[in-house]
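1. show me how the following folds:
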Amino acid sequence: MKTKTSKFLIVTMLLSTLLITFNGCDESQLEISNPNTVSQLDFFQNEADFRVAVNGMIHPITAVFFWGRVVHTGPLLRSDAFNVVPFANNTTMSTLQGVPGVSRWSSDMFPQLYQAIFRANTILEEANDENLPAGNARNEILGQAYFMRAFANWYLAAFWGNVPLILETPDPDNQETFFPNQSSQTEVFNSVIADLTMAASMLPPTWSSNDLGRPTSGSALALRGKTNLYLQNYAEAAADFQAVVDSGVYDLLPAAQYEENFTTSNENNIESVFELQFAPQDNFVWGSDIPLTGSQSNFYIDYSPPTVSLDRGHYINPHILQVFEDNGDTVRRNATIAFDYPGATGYGGLPFLEDFAPDIEAANVAGVDALFTRKYAFLFAGTRQELPGFGQTTGVNWRLIRYSDVLLMLAEAENANGDQAAAISLINQVRQRAQIADLPGGLSQQEVFDAIVNERIMELTGEGHRYLDLVRWGLADDVMGQGSTIAGGRHPKSLAGESAFFTPGRDELLWIPVPQLNANPNLNQNPGY
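-> Presented below is the predicted three-dimensional model:
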């Protein structure tokens, strides 16, 4: 197992302990520093302190209770691509059967995002002309704070809809600031756009080798474009995505290297617009906010086959494979789905039928097709016997925004704006990399949209986009609703039983965690829960 030397060290700063508690003592006592801790007043003295704080701000995003594990166990596996094997309360969120206060993982992600927001707000508020003078360093630091605050708010809005919009640290003299009201999803997305506008103006287009993986101006423009796309601001979205294209920083990897987008080789490559950085480690502390314990990519158990996964795993539904077959796409198919085709391999490069024999048997018993996830399942990491156990990982980065995704989102925006020719040209760039036939010219707006839907299946399945795509397109009920038999004559979540289907008016959003409702009387539960 190779340790990454190019990644920035995830150093956490426990800013959540820095709020001052006023207990009636005289003011002189408030000025005494605790020699055993670093107070907020003592900490932000120079550029080096701020750079440490930036790394601490990113940590809750990569930690186990968000992208390090739980986001995969829950909302990302809701996609129709995955027929999840039920495993008590661990899988009720991913099978659309979860209820507030009962389902496991129901309370974990929400506070992680607000922890990152608190740290970003602290950085933005503490910077001044003395401790962080104007210049490139100030722009780099504050640009990252604006980006990560936008990033956290983006997922809060996308997953939960109406959430508190926190743009300042709480005021100890104003108790109302500790009990914020909810803002609408649109208001939160608009705040994301404002923050990303600031980030795009401050962040560099690229970083040096020691800082690869930090957000760039291109990252900010791409996420701003995605936000505009979700708000159906199609002209603005197209302009943002076009700026990313015109920057000249990004390109598509050749077909032979497509799978390198999901392994430890060639990370932060020319196709990567933004990816979360993970490092291999042996020390695991569940939910830790300590460097190199909680920040890790141990989510492979959520994408590995049933006999490897600790949560019993899932199968890929056959309608996903059929899209690849209908388009003659073997490049992306073979990097996305592990199944029996000529030359197919399993863990450690062993022949598929040999290595996956127990999983194929499990599929036969379950009565589903023997199709398994390949992306992020770590098949490249070695044999099953060599695979790291729970909490010990290979440290593969998660690619959140790839250039191909930008091209397809730009195509979607151009199509919505009425320029089908431009949209087809963009889609064909992605198809050409996959070495499949171009789309013909002269397609209608609906035909181009349908092509984009299928292209996103082939390009992005297993990367966490599909469920949110279905929701924003208004297709989730058609594909995953009660009575759907899109998955080879079965419902996409058939293994979880008759109640595992999308319910309109409820499942567009996750439920607000019960501990948050109990702590803040100004919060209301989302509809349907």
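2. which strands and helices lie in contact with the helix or strand containing N83?
-> Using DSSP states H and E, N83 sits within strand 82-84. Secondary-structure packing of strand 82-84 (3 or more Cβ pairs under 8 Å, 6 or more residues apart in numbering; DSSP states H and E): strand 314-316. (Each C-beta comes from the backbone N, C-alpha and C, glycine too.)
3. and the strand it packs on, what does it pack against?
-> strand 82-84, strand 372-373.
4. of these, give the one that comes closest to G481.
-> Evaluated over these, closeness to G481 peaks at strand 82-84, with 15.7 Å, by Cβ to Cβ.
5. in that closest one, what counts as buried?
-> Under the neighbour-count criterion of 16 or more other Cβ atoms under 10 Å, strand 82-84 has F82, N83, V84 buried.
6. same thing with stretch 522-529?
-> Buried, per 16+ other Cβ under 10 Å, within stretch 522-529: L523, N526.
7. stretch 137-157 now?
-> Buried residues in stretch 137-157 (16+ other Cβ under 10 Å): 138-157.
8. so what's the gap between that stretch and the chain middle?
-> Relative to its chain's centre, stretch 137-157 lies at 15 Å (Cα atoms, centre = their mean, to the nearest Å).
9. what do you get for stretch 265-278?
-> 13 Å.
10. mind exporting that stretch as CSV, just the C-alpha atoms?
-> Written as CSV, here are the backbone C-alpha positions of stretch 265-278 (Å, rounded to 0.1, in the frame of the first residue of the first chain):
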residue,chain,number,x,y,z
SER,A,265,-3.2,6.2,-9.8
ASN,A,266,-3.2,9.5,-11.5
GLU,A,267,-5.2,11.4,-8.9
ASN,A,268,-5.8,15.1,-9.4
ASN,A,269,-5.4,14.6,-13.1
ILE,A,270,-6.3,16.9,-16.0
GLU,A,271,-9.9,15.7,-15.9
SER,A,272,-10.4,16.5,-12.2
VAL,A,273,-12.2,19.8,-11.5
PHE,A,274,-12.6,19.0,-7.8
GLU,A,275,-11.9,15.9,-5.7
LEU,A,276,-11.8,15.2,-2.0
GLN,A,277,-8.4,14.1,-0.8
PHE,A,278,-8.0,10.9,1.2
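11. just the buried residues of it, please?
-> Buried residues in stretch 265-278, counted by 16+ other Cβ under 10 Å: E267, N268, N269, E271, S272, V273, F274, E275, L276, Q277, F278.
12. tell me the mean pLDDT over it?
-> Stretch 265-278 shows a mean pLDDT of 95.
13. same question for stretch 452-461.
-> Here the average pLDDT along stretch 452-461 is 98.
14. list the buried residues of it.
-> Buried residues in stretch 452-461 (16+ other Cβ under 10 Å): I452, V453, E455, R456, I457, M458, E459, L460, T461.
15. tell me which helix or strand the third one sits in.
-> Pointing back at E455 there. For E455, the host element (DSSP H and E) is helix 445-460.
16. what's downstream of that helix, the next helix or strand?
-> helix 466-473.
17. just the C-alpha atoms of whatever helix or strand comes next after that next one, please, in CSV.
-> Toward the C-terminal end, the helix or strand that comes next after helix 466-473 (DSSP H and E) is helix 476-480. The C-alpha trace of helix 476-480 is given here as CSV (Å, rounded to 0.1, in the frame of the first residue of the first chain):
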residue,chain,number,x,y,z
ALA,A,476,-37.6,10.0,-9.7
ASP,A,477,-41.2,8.8,-9.4
ASP,A,478,-41.3,7.4,-12.9
VAL,A,479,-38.1,5.4,-12.4
MET,A,480,-38.3,4.5,-8.7
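18. list the helices and strands helix 476-480 packs on?
-> Against helix 476-480 (3+ Cβ pairs under 8 Å, 6+ apart) you get helix 466-473.
19. how far does the helix it packs on sit from its chain's centre?
-> Distance, centroid of helix 466-473 to centroid of chain: 14 Å (Cα atoms, centre = their mean).
20. what about that helix, average pLDDT?
-> 98.
21. next one: stretch 252-262
-> 97.
22. what comes up buried for that stretch?
-> Within stretch 252-262, judged by 16+ other Cβ under 10 Å, the buried ones are L252, L253, A255, Y258, E259, E260, N261, F262.
23. then it to PDB, C-alphas only?
-> C-alpha atoms of stretch 252-262 as PDB (Å, rounded to 0.1, in the frame of the first residue of the first chain):
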ATOM      1  CA  LEU A 252     -10.600  14.300 -20.900                       C
ATOM      2  CA  LEU A 253      -8.200  11.500 -20.200                       C
ATOM      3  CA  PRO A 254      -7.900   9.000 -23.100                       C
ATOM      4  CA  ALA A 255     -10.100   6.000 -23.200                       C
ATOM      5  CA  ALA A 256      -7.300   3.700 -22.000                       C
ATOM      6  CA  GLN A 257      -7.000   5.800 -18.800                       C
ATOM      7  CA  TYR A 258     -10.700   6.300 -18.000                       C
ATOM      8  CA  GLU A 259     -10.600   4.000 -15.000                       C
ATOM      9  CA  GLU A 260      -7.800   6.000 -13.500                       C
ATOM     10  CA  ASN A 261     -10.500   8.500 -12.500                       C
ATOM     11  CA  PHE A 262     -11.500   6.000  -9.700                       C
END
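24. what segments of the stretch 101-250 of the chain are helices?
-> Counting by DSSP state H, counting those that start in this stretch, the stretch 101-250 of the chain has helices at residues 109-126, 136-160, 185-202, 217-230, 234-246.
25. the inter-axis angle of the shortest one versus helix 185-202?
-> Yep, that's helix 234-246 we're talking about. 30 degrees (axes from the mean of the first three to the mean of the last three Cα atoms, to 10 degrees).
26. quick one, strands of the stretch 301-450 of the chain?
-> 314-316, 337-338, 372-373, 398-402 (DSSP state E, counting those that start in this stretch).
27. closest one to V54 among these?
-> Once these are compared by Cβ to Cβ, strand 398-402 is nearest, at 17.8 Å.
28. sorry, back to before: of all the helices and strands packed on strand 314-316, which one is nearest Y114?
-> strand 82-84 (27.8 Å).
29. how about A63, phi and psi?
-> Per-residue torsions, A63: phi -70, psi 170 (degrees, to the nearest 10).
30. so it makes contact with W286?
-> No: here A63 does not reach W286: they are 10.2 Å apart, not a contact under Cβ atoms under 8 Å.
31. surely E187 and V163 touch.
-> No: in this structure, E187 is not within contact of V163 by Cβ under 8 Å, at 9.6 Å.
32. higher neighbour count, those two?
-> Taking neighbours as other Cβ atoms under 10 Å, E187 and V163 compare with V163 leading, 26 against 14.
33. tell me, what's the model's pLDDT at that one?
-> Confidence score, pLDDT, at V163: 98.
34. so it bridges to which residues?
-> S183 (DSSP bridges).
35. would you agree A116 is in contact with I58?
-> Yes: using Cβ under 8 Å, A116 is in contact with I58, at 7.3 Å.
36. overlap in contacts of those two?
-> Residues touching both A116 and I58 comprise M148, with contact defined as Cβ atoms under 8 Å, 6 or more residues apart in numbering.
37. still on that earlier bit, so which of the helices and strands packed on strand 314-316 comes closest to D419?
-> Nearest to D419, of the helices and strands packed on strand 314-316 and by Cβ to Cβ, is strand 82-84 at 34.1 Å.
38. and that closest one, average pLDDT?
-> 98.
39. who touches that strand?
-> 77, 91, 94-95, 313-317, 368, 373, 487, 490, 492-496.
40. give the pairing partners of that strand; include direction for each.
-> strand 314-316 (antiparallel).
41. re the thing from before, the helices and strands packed on strand 314-316 into CSV, with extra columns for distance to R104?
-> Below are the helices and strands packed on strand 314-316 laid out as CSV (distance: least, Cβ to Cβ, whole Å):
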stretch, distance to R104
strand 82-84, 13
strand 372-373, 21
